[in-house]
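Student: Sequence unavailable; structure follows:
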């Protein structure tokens, strides 16, 4: 488990290096393998590899996930599905929850969309 002090130092490092190219992070989630998923204000999900060794944080960008259904809509929440290694549940500003498969060799695929209207 990463201590809170190290995580704080690491996040300051993320901000200082401007890893999101002037986008605003809305949600941060770690998986059990040390990958950090960041949902941003423009509808993209950034995947980073984060490691702490000898109190130094090492960060490298693995990929950026984007889809036409999400472009321009801020990501409010994302959840990693524990039983599916390459699947996310994403809630975006357009009030939809999407099941997204990002392990597909042909690219990001939205498997299901649920729209909630009040």
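Tutor: Sure thing, it's come through. It should be emphasised that the depicted structure is a prediction, and the values quoted were computed from it without experimental measurement.
Student: Could you use CA atoms for every contact and neighbour count after this?
Tutor: OK.
Student: mind listing the strands in the chain by residue range?
Tutor: For the chain, the strands defined by DSSP state E cover 25-30, 35-40, 45-53, 56-65, 75-80, 87-92, 96-101, 109-115.
Student: contacts for the first one?
Tutor: Same thing as strand 25-30. For strand 25-30, contacts defined as C-alpha atoms under 8 Å, 6 or more residues apart in numbering pick out 36, 37, 38, 39, 40, 41, 74, 75, 76, 77, 78, 79.
Student: low-confidence ranges in the protein?
Tutor: Within the chain, the stretches falling below the threshold (pLDDT under 70) are 1-22, 84, 105-108, 112, 116-118.
Student: Repeat the analysis, applying 80 as the threshold.
Tutor: 1-23, 82-85, 103-118 (pLDDT under 80).
Student: pretty sure residue 102 contacts residue 89?
Tutor: No: look at residue 102 against residue 89 with C-alpha atoms under 8 Å: they stay out of range, at 11.0 Å.
Student: between the two, what contacts are shared?
Tutor: What both residue 102 and residue 89 touch, as defined by C-alpha under 8 Å, 6+ apart, is an empty set.
Student: looking at the sheet around residue 64, what are its partners?
Tutor: Beta-bridge partners for residue 64, by DSSP bridges, are residue 46.
Student: Report the contact partners of it.
Tutor: Residue 64 touches 44, 45, 46, 47, counting by C-alpha under 8 Å, 6+ apart.
Student: and if you look at residue 50?
Tutor: 34, 35, 36, 57, 58, 59, 60.
Student: beta partners for it?
Tutor: Applying DSSP bridges to residue 50 gives these bridge partners: residue 59.
Student: For it, give its distance to residue 62.
Tutor: Counting by C-alpha to C-alpha, to the nearest Å, the separation of residue 50 from residue 62 is 10 Å.
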